[in-house]
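Engineer: Okay, sequence plus prediction incoming.
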Amino acid sequence: MSAAEAGGVFRRARGRTLDAFPSEKEREWKGPFYFIQGADPQFGLMKAWSTGDSDSGGDDWGEEIRLTEQAVEAINKLKPKPRFFVLCGDLIHAMPGVTAVFSGHYHRNAGGTYQNLDMVVSSAIGCQLGQDTHGLRVVVVTAEKIVHRYYSLDELSEKGIEDDLMGLMEEK
């Protein structure tokens with residue numbers, strides 16, 4: 001299965017919603033629970049690794065799609081169901097095209113550049129360990145560049161995304 005064909009597999013989840021906040025009964029401790037953590041489906045790496053061309057060769061995602069579907073099927077069969085599933089690590093094998101890495105966990109805004117790779121650390125929605133406000137980072141990706149801006153939750157709620165960022169998303 002090619003990367004282009006795989007897009008249809010993942011579009012099936014569109015339109016599903018999840019409540020942003022847990023119900024009242026979920027806010028109180030009810031006893032032990034478990035969750036599932038998966039890592040690095042890294043679509044395209046298996047072909048690249050098998051051909052010895054780790055800089056490219058990531059155009060066939062078939063094996064990774066099959067394994068990811070197997071993981072989801074295994075999780076869905078579990079009794080009792082896990083409270084949630086979190087997927088970490090590399091989702092696709094695309095290092096040659098990566099110009100920016102976005103992360104969190106530092107609970108403040110930070111970042112830097114090394115050999116044309118931008119490292120962007122976004123502050124937390126929750127507990128702040130620096131002077132930044134509770135917020136979110138908006139990232140706009142065009143064919144030519146990646147532009148990002150951190151917004152406080154209040155600012156994003158009241159004013160939305162600024163016109164210059166919105167303008168970048170207009171088809172030319």
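Structural biologist: Received the coordinates, thanks.

Engineer: so after the longest helix seen in the chain, what's the next helix or strand?
Structural biologist: If you go by DSSP state H, the chain has its longest helix at helix 62-77. Proceeding N to C from helix 62-77, the next assigned helix or strand is strand 85-88, under DSSP states H and E.

Engineer: Tell me the helices and strands packed up against the next helix or strand after that following strand.
Structural biologist: Note on strand 85-88: by DSSP H and E, the next helix or strand toward the C-terminus is strand 100-103. Judged by 3 or more C-beta pairs under 8 Å, 6 or more residues apart in numbering; DSSP states H and E, strand 100-103 is in contact with strand 117-121, strand 146-152. From N, CA and C alone the C-beta is placed, and that goes for glycine too.

Engineer: so which helix or strand takes in G111?
Structural biologist: Using DSSP H and E, G111 falls in strand 110-114.

Engineer: and what of I161?
Structural biologist: Per DSSP H and E, there is no helix or strand for I161.

Engineer: give me every residue that touches it.
Structural biologist: 138, 151 (C-beta atoms under 8 Å, 6 or more residues apart in numbering).

Engineer: and what of F35?
Structural biologist: By C-beta under 8 Å, 6+ apart, the contact list for F35 reads 82-86.

Engineer: Could you do A124 as well?
Structural biologist: Neighbouring residues of A124 by C-beta under 8 Å, 6+ apart: 104, 107-108, 134.

Engineer: and the gap between it and G135?
Structural biologist: Between A124 and G135 the computed distance is 8 Å (C-beta to C-beta, to the nearest Å).

Engineer: what's the answer for A143, then?
Structural biologist: Distance from A143 to G135, by C-beta to C-beta: 27 Å.

Engineer: okay, these two: which has more neighbours?
Structural biologist: G135 (20 against 5; other C-beta atoms under 10 Å).

Engineer: isn't the more buried one right up against L153?
Structural biologist: Yes. Between G135 and L153 there is a contact under C-beta atoms under 8 Å: 5.4 Å.

Engineer: which residues do the two both contact?
Structural biologist: What both G135 and L153 touch, as defined by C-beta under 8 Å, 6+ apart, is the set I125.

Engineer: pLDDT of stretch 161-171, averaged?
Structural biologist: Mean pLDDT, stretch 161-171: 89.
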